[in-house]
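1. output the structure for:
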Amino acid sequence: MANIKILMANKYGIKPAVVKDGIHYPVTSMENKLRKLMTDKQLLIDVLKELYRDLCLNDGFQWFIQFLAQSRIDERRLQMSEDEVARNRAKFKELRKQLRTQRNNQKSTLYEFEGNFDRLRHNIEDTEQIGIFKTVYHIKWQRSRREQFMQSITDVQDESAHSIRYFKDKLLAENRVHNELEHWNTVVINEYLMEIEKTMSKYDRDVEAMDLQIRTKKSELNRMIDEREARRRLIVQHEEEMEAWMKFKDDRAAEKLYKMIMLQSALIVQAWWRGLLVRQQLGPFRPKKEKAKPKTTVSTAKPEKKTEE
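-> Down below sits the predicted model:
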């Protein structure tokens, strides 16, 4: 599975953090304190060098004023970053509080469901026992009544057929009542079972919904942490680019000033040299001597070399 931090860094063009020998130094470690001390010392040296150079070249404090302005900007950015970190911490605490509240609600719901489930189970057990008792009672009662009726029929065989039909009808009615009672007990038991199934399905749905909410909150928290890390790296990259650009501008201005000073110096020296040649009548400005007999005499003078300007 790909690392989400590496993918986010590649998407927004952020360079990965360089780790020294794979070790992350804590903020309070001696190595971190020494590196911070060396960085502060080097910063002070660089500031003094640039200030001295600005005083020598420009006779002013323009660079130092720009450095102070950039330092104020960096302090404001650092304050903004600290405020953002504080807000993120507050959000993290709030999310943890919500997670604890949700967990407590889930536990209370679970405890309530377990209590309801126990009560329903006890009711079902009681119903089953009552049904068993009623069934046994009805069976025994029916058996006793049947025996009583049979004994009555045996005792009174000479009774009329009307009495026999009457008792048969009464027995049928009692059997019908018994069947209706059994049917009613079955319906009650089925209703209790259906209610238990509904409660269990509702509990499963609630647990799934709570798990989904927890996963959503976790993913949102991870996304906020990734965004914060990406913004921090982007701010660091922007600061590095601004520092490189300011250094490039300072170097370019210094080089341009140096070239201008060298050009002016060369022009001054050249003008002074030309004036000296003209005043002293040297080089190409030397007066030429008139020759008396140019036809008979041979010029043995060596050609003069032109003085380089």
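
2. list the helices and strands the one helix or strand Arg96 maps to packs on?
-> Mapping Arg96 onto the secondary structure by DSSP states H and E places it in helix 62-155. Judged by 3 or more C-beta pairs under 8 Å, 6 or more residues apart in numbering; DSSP states H and E, helix 62-155 is in contact with helix 30-58, helix 161-280. Any C-beta I mention is one placed from the backbone N, CA and C, and that applies to glycine too.

3. give me the residues contacting stretch 136-155.
-> Ile164, Phe167, Leu171, Glu174, Asn175, His178, Leu181, Glu182 (C-beta atoms under 8 Å, 6 or more residues apart in numbering).

4. for the third one, which residues are in contact?
-> When the contact criterion is C-beta under 8 Å, 6+ apart, the partners of Leu171 are Arg145, Arg146, Phe149.

5. wasn't Gly60 part of a helix?
-> No: Gly60: not assigned to a helix; according to DSSP: H, G, I helix; E, B strand; the rest coil it is coil.

6. sorry, back to before: could you dump the contacts of Leu171 to CSV with neighbour count, pLDDT and distance to Ser219?
-> As requested, those are exported to CSV (neighbours: other C-beta atoms under 10 Å; pLDDT from 0 to 100; distance: C-beta to C-beta, whole Å):
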residue, neighbour count, pLDDT, distance to Ser219
Arg145, 13, 80, 71
Arg146, 13, 81, 72
Phe149, 16, 76, 76
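
7. ok, those vs Ile130, which is closest?
-> Distances from Ile130 to the contacts of Leu171, taken as C-beta to C-beta, are shortest for Arg145 (21.4 Å).

8. any idea how far that closest one is from Val85?
-> For Arg145, the distance to Val85 equals 87 Å [C-beta to C-beta, to the nearest Å].

9. do the same with Gly283
-> Taking C-beta to C-beta, one finds Gly283 at 75 Å from Val85.

10. for the helices and strands packed on helix 62-155, which has the smallest mean pLDDT value?
-> For those, mean pLDDT drops lowest on helix 30-58, to a mean of 83.

11. check which residues of that one are buried.
-> Using 16 or more other C-beta atoms under 10 Å as the test for burial, helix 30-58 gives Glu50, Asp54.

12. packing partners for it?
-> Packing partners of helix 30-58 (3+ C-beta pairs under 8 Å, 6+ apart): helix 62-155, helix 161-280.
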